[in-house]
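Novice: Whatever this is, show me its structure:
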Amino acid sequence: MESCKPLAIFFEAISRDARICSTHIGLFAAILNYWQVNGFPVPMRAYAHEIMPLAKIAASTTYHRCIRDLHDFGYIFYEPSYKRNQPSSIYLKTEMSDDE
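Specialist: All right, here's what the predicted structure looks like:
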């Protein structure tokens, strides 16, 4: 059940984080599902248009705001490509420190 570790860590951490809303949770769940379906790659490489439908996010501005929030809050490491023909990189955290 090692594949569930990032989800357990995420839910433990967000229980103390008032900044996280349901859209962040849905996006994180979609990222985790995409990661599992694609064989647990490190880093996970994905386009926004692949993740957005899984997270039930229709607006790209919402997706980019939430994925940047997850990065800024320390739940993922997000490396945008800024190129239409190159996917962005997403790293899932396998541990959370006490200050996050």
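
Novice: residue nearest the centroid of the protein?
Specialist: Centrality entry for the chain: nearest residue to the mean C-alpha point is Phe28, 4.0 Å, by C-alpha atoms, centre = their mean.

Novice: leaving aside the residues next to it on the chain, what's closest to that one?
Specialist: Take Phe28 and drop its neighbours on the chain: the residue closest to it by C-beta to C-beta, 6 or more residues apart in numbering is Phe10, 5.7 Å away. Every C-beta, even on glycine, is put in place using the N, C-alpha and C of the backbone.

Novice: Need the contact partners of the longest helix along the chain.
Specialist: Using DSSP state H to define each element, the chain has its longest helix at helix 22-37. The set of residues that contact helix 22-37 without belonging to it, under C-beta atoms under 8 Å, 6 or more residues apart in numbering, is 3, 6-7, 10, 14, 41, 44, 46, 50-51, 54-57, 62-63, 66-67, 69-70, 75-76, 90, 92.

Novice: Averaged pLDDT, stretch 69-82. What do you get?
Specialist: Taken as a whole, stretch 69-82 carries a mean pLDDT of 95.

Novice: Could you tell me how far that stretch lies from the centre of the chain?
Specialist: Distance of stretch 69-82 from its chain centroid, counting by C-alpha atoms, centre = their mean, to the nearest Å, is 8 Å.

Novice: Provide the contact partners of that stretch at residue level.
Specialist: Outside of stretch 69-82, the residues that reach it under the criterion C-beta under 8 Å, 6+ apart are 10, 13-14, 17, 19-20, 24, 27-28, 31, 43, 67-68, 87-93, 96, 100.

Novice: switch the cut-off to 6 Å
Specialist: Residues outside stretch 69-82 that contact it (C-beta atoms under 6 Å, 6 or more residues apart in numbering) are 67, 88-91, 100.

Novice: Most neighbours among the residues you listed, which one?
Specialist: Of those, Ile67 is surrounded by the most neighbours, 25 neighbours in total, counting by other C-beta atoms under 10 Å.

Novice: Alright, calling it a day.
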